[in-house]
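> Below are the sequence and a predicted model for it; my questions follow.
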Protein chains: 2
Amino acid sequence: MNTFSLYVTACLLFMGFGAHAQDTYYCLPCNNPCDDIAFNAPGKCTHCNMELVKQTKEEHERLAKKDRLKVAFYLQNGVEVLDFAGPLEVFTYAGFEVFIVSKDKNQLFAQGVLRITPDYDITNAPAADIIAFFGGNAGKAANDPDVISWLKKQTNVQHYFSVCTGAFILGKAGLLDGLTVTTFHESIEGLQAAVPQAKVLSNVRYVDNGRVITTAGISAGIDGALHLVAKLRGDEMAKKVAAYMEYDKWVPDQGMVAKQQ
Amino acid sequence: MNTFSLYVTACLLFMGFGAHAQDTYYCLPCNNPCDDIAFNAPGKCTHCNMELVKQTKEEHERLAKKDRLKVAFYLQNGVEVLDFAGPLEVFTYAGFEVFIVSKDKNQLFAQGVLRITPDYDITNAPAADIIAFFGGNAGKAANDPDVISWLKKQTNVQHYFSVCTGAFILGKAGLLDGLTVTTFHESIEGLQAAVPQAKVLSNVRYVDNGRVITTAGISAGIDGALHLVAKLRGDEMAKKVAAYMEYDKWVPDQGMVAKQQ
């Protein structure tokens, strides 16, 4: 091999034209700048330590940008922190884009402990693929005609998701009628009374009706969110997210699928 | 029984001087106004639905006010949401008073998703009984001399608590030297290199060294917090909190107690 050939070979290797010239690897989405770094070998992201997955640049851009599912988290003043924090963690690591919506842009006081400023109010929140409601003072939202009116207008969402007594908000908008649903263990009878046309189950971690997923109380939101990730992005992605967040205790399919979509 | 006796009996019953004249019942602390309502029969709080526990007024006031443990949650910009949300839920339902401290009073952006305003900065945070650190951009706090200097001054705390890579902050302040500890599964080697005088374990949900409790990643903070509640307030309280938050998956003692305090 002469000097010129050596030079060309070195350049090609440097440019990634090796044995797998076409392969690029990206870390699982973590909302950090490393999400957009293309690695040329499998392994782990040197920035966030997430496992790298093989994707073409086009696949990556489609998943990371254009086709990134948008999830609106509606938070009311007094919302329970773990109710929304579990699903927020799951959806974020699954590469979904989560944003926070409230009745107005005022700072809210979650569980009397955590001061949160919403990204949007109900007058300017962008369209979402998934809209999620949570417990903790959920009656405030359920009994607010403006919130229910806004929710009723969100007819293009793919999925409605509730944790704990967030189900009362979906119920007030008529979204649970005719469905099998669940809620916080102390509120089973209350939800049944509030939504007589639904069948409210106890002792189930989540119930999936295809378009509407309701979960039991507080920590059960984690399981419901992992179920939704498995449904939309496959079991492998859900397992990776659970492993990353060290939710070793997760038992897939520990809820009930009442209706496939 | 004459009319006067009937009247006196009725008054006494009305005033609660029945068979258990001395008994009062309070709901488990939930940071709502019902925390201070004294019920005269066991059952559930009619406001928050939490189970009522028998306490004298004096016991209640001691637990709810004077002896209420104060927990400082140090949150840095980029902090992982579930890292702190799990313990926040546990400690709050155990009746501890949680407040949020950061380097300054600026709004911080947790995990690139949640906008949080701290209650205090490190110049004005009140003294705490427990001080807690969390992962997600933890290097920012670990490498900030002002934060480490503040932490080193908190010598009167009963317990130091870390979730995930929050352990790097405790390590930087020299608080892990000579201890057996743990951290996020991807950071075991990194912490061992950063704190060579500690023994860093993998595959353990938390390690309790008496005064210092470190937990594994993200969701493992829930287990570590429940362990600390069991240690400080008894197994029954920890089990009640786990049941309330529907953390059915909790297996008590799934960590390691390296040293009793």
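That came through, no problem.

> nearest spatial neighbour of the residue in the stretch 1-150 of chain A positioned nearest to chain B, skipping sequence neighbours?
With Cβ to the nearest Cβ, the shortest gap between the stretch 1-150 of chain A and chain B falls at A:Ala85, namely 3.2 Å. In this view, the C-beta of every residue, glycine as well, is placed from N, C-alpha and C. Residue nearest to A:Ala85 in three dimensions, not counting chain neighbours: B:Ala85, with 3.2 Å by Cβ to Cβ, 6 or more residues apart in numbering or on different chains.

> Tell me the spacing between the one you found and A:Gly190.
Using Cβ to Cβ, to the nearest Å, one obtains 25 Å as the distance from B:Ala85 to A:Gly190.

> Ok, A:Lys240 next?
Distance, A:Lys240 to A:Gly190, using Cβ to Cβ: 37 Å.

> Which residues are in contact with the residue nearest to A:Ala85?
A:81-82, A:85-86 (Cβ atoms under 8 Å, 6 or more residues apart in numbering or on different chains).

> and A:Glu59, how far is that from A:Tyr25?
Following Cβ to Cβ, the distance that separates A:Glu59 from A:Tyr25 is 11 Å.

> what's the answer for A:Asn137, then?
From A:Asn137 to A:Tyr25 the distance is 44 Å (Cβ to Cβ).

> touching chain B at all, stretch A:108-117?
Yes - Stretch A:108-117 is in contact with chain B by Cβ under 8 Å from any Cβ of the partner chain, via A:111-117.

> Out of those, the closest to A:Val71 would be?
Each of the residues of stretch A:108-117 next to chain B was checked against A:Val71 using Cβ to Cβ; the closest is A:Ile116, at 16.0 Å.

> State the pLDDT value of the closest one.
Among the per-residue scores, A:Ile116 holds a pLDDT of 98.

> before we move on, the earlier item: what remains of the contacts of B:Ala85 if I keep only buried residues?
A:81-82, A:85-86 (16 or more other Cβ atoms under 10 Å in any protein chain shown).

> ok, A:Tyr233 touching A:Ala94?
Residue A:233: Arg, not Tyr. Yes - counting by Cβ atoms under 8 Å, A:Arg233 touches A:Ala94, with 5.8 Å between them.

> neighbour-wise, which of the two wins?
Using other Cβ atoms under 10 Å in any protein chain shown as the criterion, A:Arg233 and A:Ala94 rank with A:Ala94 on top: 22 against 17.

> what residues are up against the more buried one?
A:Ala94 neighbours (Cβ under 8 Å, 6+ apart): A:29, A:229, A:233, A:237-238, A:241.

> Other residues contacting the helix or strand hosting A:Gly190?
Element membership for A:Gly190 (DSSP states H and E) is helix A:188-194. Residues from elsewhere that reach helix A:188-194 (Cβ under 8 Å, 6+ apart): A:165, A:167-168, A:171-172, A:181-183, A:198, A:200-202.

> try it again with 10 Å
If you take Cβ atoms under 10 Å, 6 or more residues apart in numbering or on different chains as the criterion, helix A:188-194 is touched by A:139, A:142, A:165, A:167-168, A:170-172, A:176, A:181-184, A:187, A:198-203, A:214, A:216, B:49.

> Got a quick PyMOL command for the buried subset of those?
Buried members of these, defined by 16+ other Cβ under 10 Å, are picked up in PyMOL with:
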select buried, (chain A and resi 139+142+165+167+168+170+171+172+176+181+182+183+184+187+198+200+201+214+216) or (chain B and resi 49)
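
> A:Asp253: how many residues sit nearby?
11.

> close enough to count as contact, it and A:Lys239?
No - contact criterion Cβ atoms under 10 Å: A:Asp253 and A:Lys239 do not qualify, at 12.0 Å.

> you'd agree the residue of the stretch 1-150 of chain A closest to chain B is in a helix?
Yes - assessed by DSSP: H, G, I helix; E, B strand; the rest coil, A:Ala85 belongs to a helix.

> that older thread, between A:Glu59 and A:Tyr25, which has more neighbouring residues?
Taking A:Glu59 and A:Tyr25 together and counting by other Cβ under 10 Å, A:Tyr25 has the greater number of neighbours (20 against 14).

> What's the separation between that one and B:Phe184?
Relative to B:Phe184, and taking Cβ to Cβ, A:Tyr25 is found at 22 Å.

> And for A:Asp23?
Computed as Cβ to Cβ, the A:Asp23 to B:Phe184 distance reads 28 Å.

> A:Glu59 too?
28 Å.

> again with A:Arg68
25 Å.

> Then A:Thr117?
Distance from A:Thr117 to B:Phe184, by Cβ to Cβ: 28 Å.

> do the same with A:Ala216
Counting by Cβ to Cβ - A:Ala216 and B:Phe184 are separated by 28 Å.

> Same check on A:Ile37?
Using Cβ to Cβ, one obtains 21 Å as the distance from A:Ile37 to B:Phe184.

> shouldn't A:Val251 be in contact with A:Asp223?
Yes - between A:Val251 and A:Asp223 there is a contact under Cβ under 10 Å: 8.1 Å.

> list residues touching both of those two?
By Cβ under 10 Å, 6+ apart, the residues touching both A:Val251 and A:Asp223 are A:205, A:242, B:249.

> which among those gets closest to A:Ser102?
A:Arg205 (27.1 Å).

> give me phi/psi at the most centrally placed residue in chain A?
Nearest residue to the geometric centre of chain A (Cα atoms, centre = their mean): A:Phe91, 2.7 Å. Note on A:Phe91: its backbone torsions stand at phi -70, psi -40 [degrees, to the nearest 10].

> What residues does it make contact with?
A:69, A:71, A:73, A:97-98, A:130, A:132, A:161, A:225-226, A:228-229, A:232, A:241, B:113.

> one more time with 6 Å
Neighbouring residues of A:Phe91 by Cβ atoms under 6 Å, 6 or more residues apart in numbering or on different chains: A:71, A:98, A:225.

> Please parse chain A into its domains.
A:22-67, A:69-257 (automatic domain parsing).

> For the ones you listed, state which one has the densest average packing.
Each of the domains of chain A was scored by mean neighbour count; the highest is domain A:69-257, a mean of 21, by mean count of other Cβ atoms under 10 Å in any protein chain shown.

> Please look at A:Val147 and A:Lys140 and confirm they touch.
No - counting by Cβ atoms under 6 Å, A:Val147 stays clear of A:Lys140, with 8.5 Å between them.
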